[in-house]
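J.: what follows is a predicted structure for the sequence shown.
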Amino acid sequence: MGAEVQAASGEAKQGGGRDVLVIGASSLGTVFEWYDFYLYGSLAPIITSHFFSGVNETTGFILALLAFAAGFAIRPLGAVIFGRLGDLWGRKNTFLITMLLMGLSTFVVGLLPSYAQIGVAAPIALVVMRLVQGLALGGEYGGAATYVAEHAPAGKRGFYTSWIQTTATIGLFLSLAVILATRTHLGEDAFKAWAWRIPFLVSLLLLGVSLWIRLKLHESPTFQRMIAEGKGTKKPLAEAFGQWANLKIVLLALVGLTMGQAVVWYTGQFYALFFLEKVLKLDGAQANLLVAAGLLIGTPFFVIFGWLSDRIGRKWIILAGCLLAAATYFPIFKALTVAANPMLAQAEAAAPVTVSTDPATCAFQFDLIGKAKFNSPCDVAKAALAKAGAPYRVIDAGAGAPTTVQVGRVTLSGFDPAGATGKAFAAARKAWEGELADQLKVAGYPAKADAKRVDQPKVVGLLALLVIYVTMVYGPIAAMLVELFPTRIRYTAMSLPYHIGNGWFGGFLPTTAFAIVAATGDIYSGLWYPVIIAAVTAVVGGLFLKDTRNRPIED
């Protein structure tokens, strides 16, 4: 009897050690992949200056965000390609390939020449590398989530897979830590000039560590059992998306789960950073540090909500996160403005800025090739206000009405070149922009946020709250997606809705939100994008999806 107990104890310890290796190896490898992917998002303003310097500032930043989003746009294709391979070849071999592609493409980004060196070939090469990254990431997540879930004992799938959910945030945190260390050690000038490449080059070391760890893993026991019993499929794509019973679940998973989860995630982690740095004009290093602190506080909740989903269900935790985000994003981001740039908040309240004009004279100031000229009085006013970081409203003054800019109680006539051309036109525009800048300064609008006046505890608290929303929607979702689909098509079927949601709806969020802000002048208007999508997911998921926590996955 004693020998049996000892043997059982030894087997339990061995199983516990195996589970730790499975979770640790899958999670750590995915951390490094997310590190690679997030470097670009964190360094978008600097990358703009090196790869998109041939266009105006607003267009350049939007193009940089589009290049960032390109990696997300291709993720569904990666999900289809590698999902199929994962259901045919196995989980382990597939995510070894995706990791290799991700690491090498990120390393190459650190070596690319700039726009000043090779012209338009520079942004093209950058986008190609982003596409390779996105393709690899499209196959990575589904493999890691499926692999861990198929190792997890019944009743613990939410807890086990929640560790993978921490990897995106830990990867972002790691990328911010490397960026901050490089910035601090070499200085801001060197970092902006050339040292921004170092975090990308470091990824080669991380790639080596990740591959070494993952080579120690064995194939998923659920997948091995399915193959041994001859229950696999030779056509995972046709079965997953060609049969209505499965396709219907794929669509519900997209609209009722991943679409809302994605916008909450990217608002809380990416758009918050863009908002601090690009809209509120915080110093890049300080913004990175504040976001990193918020992530550090919020990250443990991934595991907490994953564990909780094993006890009370996954669906309502995810949908509650969507509802809370939709209901509170506007007040949270307004509170961020007050805490991070109080001078801007005070100036906006005391001396609001309005542009009265004929809307027909206003263009959407985005030019893909950098050749368009935005010289109408409306365009000049909006560009100057955006550059100054001053929020504004556009008022329809009627057809043919002249453009005026009102700063508090002071009204300025719109830019009027009086027929000047060439250098005279440029001088007249510069003089008008200087007059507007002087008036904004008198009204209290700061050119940059004052680092000493940032209420850091409040900013970190608000950022941590945004991250907690992320943990609610993201912590339980891997387990729920795995449980929605049978083993033979699981990798393929769960990967596509996840990556359409996160690649398209989430990945394009920073670009879309910033473009809305640039077009309207309202620094909060971009939030309508995540608010509406999160609300739609809460309604659809609440009405049409059933909870899955007690559903068996060994089929």
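T.: All right, it came through fine. Numbering: from 1, shown residues only.
J.: and the closest residue to residue 396 other than its chain neighbours, how far is that from residue 411?
T.: Leaving aside its sequence neighbours, residue 396 sits nearest to residue 359 (Cβ to Cβ, 6 or more residues apart in numbering; 5.5 Å). In short, each C-beta sits where N, CA and C put it, glycine included. Using Cβ to Cβ, to the nearest Å, residue 359 is found at 19 Å from residue 411.
J.: go on, residue 284?
T.: For residue 284, the distance to residue 411 - Cβ to Cβ - is 35 Å.
J.: looking at those two, which one has more neighbours?
T.: residue 284 (21 against 12; other Cβ atoms under 10 Å).
J.: count the neighbours of the nearest residue to the more buried one once chain neighbours are set aside for me.
T.: Leaving out its chain neighbours, the residue that sits closest to residue 284 by Cβ to Cβ, 6+ apart is residue 277, at 5.6 Å. Residues lying near residue 277 (other Cβ under 10 Å) number 21.
J.: ok, now which ones touch residue 277?
T.: 45, 284, 287 (Cβ atoms under 8 Å, 6 or more residues apart in numbering).
J.: repeat for residue 430
T.: Residues near residue 430 by Cβ under 8 Å, 6+ apart: none.
J.: so it lies in a strand, does it not?
T.: No. Counting by DSSP: H, G, I helix; E, B strand; the rest coil, residue 430 falls outside a strand, being helix.
J.: which residues in the stretch 401-550 of the chain form helices?
T.: Under the criterion DSSP state H, counting those that start in this stretch, helices of the stretch 401-550 of the chain are mapped to 422-442, 456-474, 477-484, 490-500, 509-520, 528-544.
J.: pick the most buried one from those.
T.: Comparing the helices of the stretch 401-550 of the chain by mean neighbour count (mean count of other Cβ atoms under 10 Å), helix 490-500 comes out on top with a mean of 29.
J.: and the contacts of it?
T.: Under Cβ under 8 Å, 6+ apart, the answer for helix 490-500 is 75-76, 78-80, 82-84, 86-87, 91, 94, 138-139, 141-143, 145-146, 236-237, 240-241, 246, 249-251, 253-254, 257-258, 477, 481-482, 484-485, 553.
J.: again with stretch 520-531
T.: Outside stretch 520-531, the residues that reach it (Cβ under 8 Å, 6+ apart) are 263-264, 266-267, 271, 275, 279, 325-326, 329-330, 333-334, 337, 353, 355, 382, 385-386, 391-394, 509, 512-517.
J.: run the chain-centre distance for that stretch.
T.: Taking the mean of its C-alpha atoms, stretch 520-531 sits 16 Å from the chain's own mean (Cα atoms, centre = their mean, to the nearest Å).
J.: and that stretch, end to end?
T.: Terminal residues of stretch 520-531 are spaced 17 Å apart (Cα to Cα, to the nearest Å).
J.: what does stretch 399-418 give?
T.: Taking Cα to Cα, stretch 399-418 runs 21 Å from one end to the other.
J.: pLDDT on that stretch, on average?
T.: Throughout stretch 399-418, pLDDT has a mean value of 89.
J.: list phi and psi for the residue lying closest to residue 424 once chain neighbours are set aside.
T.: Closest residue in space to residue 424, ignoring its immediate chain neighbours: residue 417 at 7.8 Å, by Cβ to Cβ, 6+ apart. With angles defined as degrees, to the nearest 10, residue 417 sits at phi -70, psi -10.
J.: surely residue 417 meets residue 426?
T.: No. Residue 417 is beyond contact range of residue 426, at 9.4 Å (criterion: Cβ atoms under 8 Å).
J.: quick one on the thing from earlier: can I get the helices of the stretch 401-550 of the chain in JSON lines with distance to residue 189?
T.: Converted to JSON lines, the helices of the stretch 401-550 of the chain look like this (distance: least, Cβ to Cβ, whole Å):
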{"stretch": "helix 422-442", "distance to residue 189": "25"}
{"stretch": "helix 456-474", "distance to residue 189": "24"}
{"stretch": "helix 477-484", "distance to residue 189": "42"}
{"stretch": "helix 490-500", "distance to residue 189": "39"}
{"stretch": "helix 509-520", "distance to residue 189": "26"}
{"stretch": "helix 528-544", "distance to residue 189": "35"}
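J.: just the contacts of stretch 520-531: which are in helices?
T.: Those of these mapping onto helices are 263-264, 266, 325-326, 329-330, 333-334, 337, 382, 385-386, 509, 512-517, per DSSP state H.
J.: just the helices in the stretch 101-250 of the chain please.
T.: 115-118, 121-151, 157-186, 188-193, 198-214, 221-228, 236-242, 244-253.
J.: closest one to residue 316 among those?
T.: Among the helices of the stretch 101-250 of the chain, the nearest to residue 316 by Cβ to Cβ is helix 157-186 (12.8 Å).
J.: burial of residue 396, as a residue count?
T.: 11.
J.: measure it to residue 136 for me?
T.: 48 Å.
J.: cool, residue 506 as well?
T.: 17 Å.
J.: residue 419 too?
T.: With Cβ to Cβ as the criterion, residue 419 and residue 136 are 56 Å apart.
J.: who has more neighbours out of the two?
T.: Comparing residue 419 with residue 136 by other Cβ under 10 Å, the one with more neighbours is residue 136, at 28 against 8.
J.: settle this for me: that one is touching residue 78, isn't it.
T.: Yes. Shown here, residue 136 and residue 78 form a contact pair, counting by Cβ under 8 Å, at 6.3 Å.
J.: need the overlap of contacts for those two.
T.: Shared contacts of residue 136 and residue 78, defined by Cβ under 8 Å, 6+ apart, comprise residue 98.
J.: ok, residue 380 touching residue 362?
T.: No. Assessed by Cβ under 8 Å, residue 380 is found out of contact with residue 362, at 10.5 Å.
J.: can you list the weak-confidence ranges in the stretch 101-250 of the chain?
T.: Counting by pLDDT under 70, the ranges of the stretch 101-250 of the chain that qualify are 217-236, 240.
J.: for PyMOL, what selects the buried ones among the contacts of stretch 520-531?
T.: Remark: buried members of the contacts of stretch 520-531, expressed as a PyMOL selection using 16 or more other Cβ atoms under 10 Å:
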select buried, resi 263+264+266+267+271+275+279+325+326+329+333+337+353+355+382+385+386+391+392+394+509+512+513+514+515+516+517
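J.: mind giving me the packing neighbours of the helix or strand hosting residue 98?
T.: Here residue 98, judged by DSSP states H and E, is contained in helix 91-109. Contact analysis of helix 91-109 by 3 or more Cβ pairs under 8 Å, 6 or more residues apart in numbering; DSSP states H and E lists helix 2-42, helix 75-89, helix 121-151, helix 198-214 as its packing neighbours.
J.: nearest to residue 173, of these?
T.: helix 2-42 (9.0 Å).
J.: count of residues packed around residue 314?
T.: 27.
J.: that one and residue 537, how far apart?
T.: Applying Cβ to Cβ, the value for residue 314 to residue 537 is 14 Å.
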